[in-house]
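A.B. asks: Have a look; sequence and predicted model below, questions after that.
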Amino acid sequence: MAKKFMYMNTKAPYGSIYALESLEVVLIGAAFEQDVSLAFIDDGVYQLTKGQSTDGIGMKNFSPTYSALGDYDVNKIYVEKESLEERGLSLDDLQHLTWEDEDEDWAEKDSIRLVSRAELADVIDDQDVVLSF
Amino acid sequence: MPIEVNGKSLEVDEEGYLANLNDWEPAVAEVMAKEEGLDLSDDHWEIINFLREYYEEYQIAPAVRVLTKAVGKKLGKEKGNSKYLYELFPYGPGKQACKYAGLPKPTGCV
């Protein structure tokens, strides 16, 4: 039976290896057909921002890869509202991530769900496994 | 061991994937395919070019399941299935086609 896996992303995209490692684990884990969701809290919300450039730091800009998550059937992406607001960000500052519903003739649907801290706590409570990066 | 392409010596990893993405040119695919006893047809090239475009857009080499689905969407159901892709790339469409395309081994390929 599929277990509910949540990957919790808490750190800024560059400067440490956490964000990229998390993304790779998610993509690898997606092959096992579990019920996968992602959460972005604290500085983790920066991972999803639009218009990233890594020209100055000599690292690969892996932000385009988040757009592939839908292809991997990863379409529950929770972003914590308070974390965004505390950083002066809004949903408009993030990439528009979508997935296509095969059952509805590939209708494009939003992957990002903006949730409050309290709502996210409930979602976490419902998971079988939570992995924090 | 490096591979020889058009007089240049290109570095590959222990599984034969190009070490440097920018070293790629179509002749790389030809040389790799020849080593594995494969003649590249237009059908092979269609998938190789598809993978290169996918990488360009998403910065990853897709897992075979994802590749199959994406090919089906872009090139039609008769091509977006395992049978068609495995006939073209008997060592696995993900691994083999990505290698010819100069991409790293697919993410999610364990």
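C.D. replies: Now that the structure is in, tell me what you want to look at.

A.B. asks: What confidence value was assigned to residue B:108?
C.D. replies: If you check residue B:108, the pLDDT there is 57.

A.B. asks: How about the longest helix along chain B and chain A, any contact?
C.D. replies: Assignment by DSSP state H gives helix B:42-58 as the longest helix of chain B. Yes. Helix B:42-58 lies within reach of chain A by C-beta under 8 Å from any C-beta of the partner chain, at B:57-58. Every C-beta, even on glycine, is put in place using the N, C-alpha and C of the backbone.

A.B. asks: list the helices and strands that helix packs on?
C.D. replies: If contacts are counted by 3 or more C-beta pairs under 8 Å, 6 or more residues apart in numbering or on different chains; DSSP states H and E, helix B:42-58 sits against helix B:26-35, helix B:64-75, helix B:82-88, helix B:98-100.

A.B. asks: residues making contact with that helix?
C.D. replies: A:64-65, A:67-68, B:24, B:29, B:33, B:38, B:40, B:60-62, B:67, B:70-71, B:74-75, B:79, B:85, B:88-89, B:93, B:97-98, B:100-103 (C-beta atoms under 8 Å, 6 or more residues apart in numbering or on different chains).

A.B. asks: Please indicate which of those residues are buried?
C.D. replies: A:65, A:67-68, B:24, B:29, B:33, B:38, B:40, B:60-62, B:67, B:70-71, B:79, B:85, B:88-89, B:93, B:97-98, B:100-103 (16 or more other C-beta atoms under 10 Å in any protein chain shown).

A.B. asks: ok, and the closest non-adjacent residue to the residue in chain B positioned nearest to chain A?
C.D. replies: Among all residues of chain B, residue B:58 sits closest to chain A, at 4.0 Å; criterion: C-beta to the nearest C-beta. Nearest residue to residue B:58, sequence neighbours excluded (C-beta to C-beta, 6 or more residues apart in numbering or on different chains): residue A:68, at 4.0 Å.

A.B. asks: who's in contact with the one you found?
C.D. replies: Neighbours of residue A:68 in contact, by C-beta under 8 Å, 6+ apart: A:27, B:58, B:60, B:62, B:66.

A.B. asks: cool, and residue B:96?
C.D. replies: By C-beta under 8 Å, 6+ apart, the neighbours of residue B:96 are B:36, B:89-90.

A.B. asks: Number of residues surrounding the nearest residue to residue A:8 once chain neighbours are set aside?
C.D. replies: For residue A:8, ignoring the flanking residues on the chain, the nearest one in space by C-beta to C-beta, 6+ apart is residue A:132 at 4.4 Å. Counted with other C-beta atoms under 10 Å in any protein chain shown, the neighbours of residue A:132 add up to 14.

A.B. asks: Make sure residue A:132 is actually in contact with residue A:6.
C.D. replies: No. Using C-beta atoms under 8 Å, residue A:132 is not in contact with residue A:6; the gap is 9.1 Å.

A.B. asks: any idea how far residue A:112 lies from residue B:97?
C.D. replies: 31 Å (C-beta to C-beta, to the nearest Å).
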